[in-house]
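Colleague: Provided below for reference: sequence and predicted model.
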Amino acid sequence: LAGELKQSNKYSDYDSTVVQLANYVREIFGSQPTRMWVHGFTLCGDEFRAWLFDRAGGVGTRLVNVNKEPSIFIKVVVGYTCMDASQLGFDPTV
């Protein structure tokens, strides 16, 4: 799981925020060659977005305001904590 935190909401849609997260993911893929995908998130101020990266690229959810929709944020965070290795992207055949 990779994350990028910013203090202000204004960075939520900045390309540089996503590029920084993608750099973290690239480092994970480089050090874990059997990894199939990596979950990630950006949290800029009170705006959260979940991401899923594979070796071809990444896809993100819509922006979620954690103050206005706390249940979505909590479900995602709890989901991350309950994932097993294969759900986190590790190849179970290796």
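Modeller: Happy to help now that I have it.

Colleague: drop to CA atoms for contacts and neighbour counts, all remaining ones
Modeller: Noted.

Colleague: check which helix or strand I28 maps to.
Modeller: Element membership for I28 (DSSP states H and E) is helix 15-31.

Colleague: what does V38 give?
Modeller: Element membership of V38 [criterion: DSSP H and E] is strand 37-44.

Colleague: low-confidence ranges, this structure, go.
Modeller: Nowhere does the chain drop to pLDDT under 70.

Colleague: for the helix holding I28, buried residues please.
Modeller: By 16 or more other CA atoms under 10 Å, the buried positions in helix 15-31 come out as 17-18, 21-22, 24-26, 28-29.

Colleague: which elements pack onto that helix?
Modeller: Applying 3 or more CA pairs under 8 Å, 6 or more residues apart in numbering; DSSP states H and E, one finds that helix 15-31 contacts strand 2-6, strand 37-44.

Colleague: that one to strand 2-6, inter-axis angle?
Modeller: Between helix 15-31 and strand 2-6, the angle comes out at 150 degrees (axes from the mean of the first three to the mean of the last three CA atoms, to 10 degrees).

Colleague: can you offset everything so residue one is 54?
Modeller: That works, and once the first residue is 54, the last one we named lands at helix 68-84.

Colleague: got the CA positions of stretch 65-78 in CSV?
Modeller: Provided in CSV are the C-alpha atoms of stretch 65-78 (Å, rounded to 0.1, in the frame of the first residue of the first chain):
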residue,chain,number,x,y,z
SER,A,65,-6.0,16.8,-5.0
ASP,A,66,-6.1,17.1,-8.8
TYR,A,67,-2.5,18.1,-9.4
ASP,A,68,-0.6,15.8,-11.7
SER,A,69,2.5,16.1,-9.4
THR,A,70,0.5,14.4,-6.6
VAL,A,71,-0.3,11.3,-8.8
VAL,A,72,3.2,11.3,-10.2
GLN,A,73,4.7,11.1,-6.7
LEU,A,74,2.4,8.2,-5.8
ALA,A,75,3.3,6.5,-9.0
ASN,A,76,7.0,6.8,-8.2
TYR,A,77,6.3,5.1,-4.8
VAL,A,78,4.5,2.3,-6.7
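
Colleague: find the residue closest to F82 in space, skipping its chain neighbours.
Modeller: Once flanking residues are discounted, F82 sits nearest to R88: 6.2 Å by CA to CA, 6 or more residues apart in numbering.
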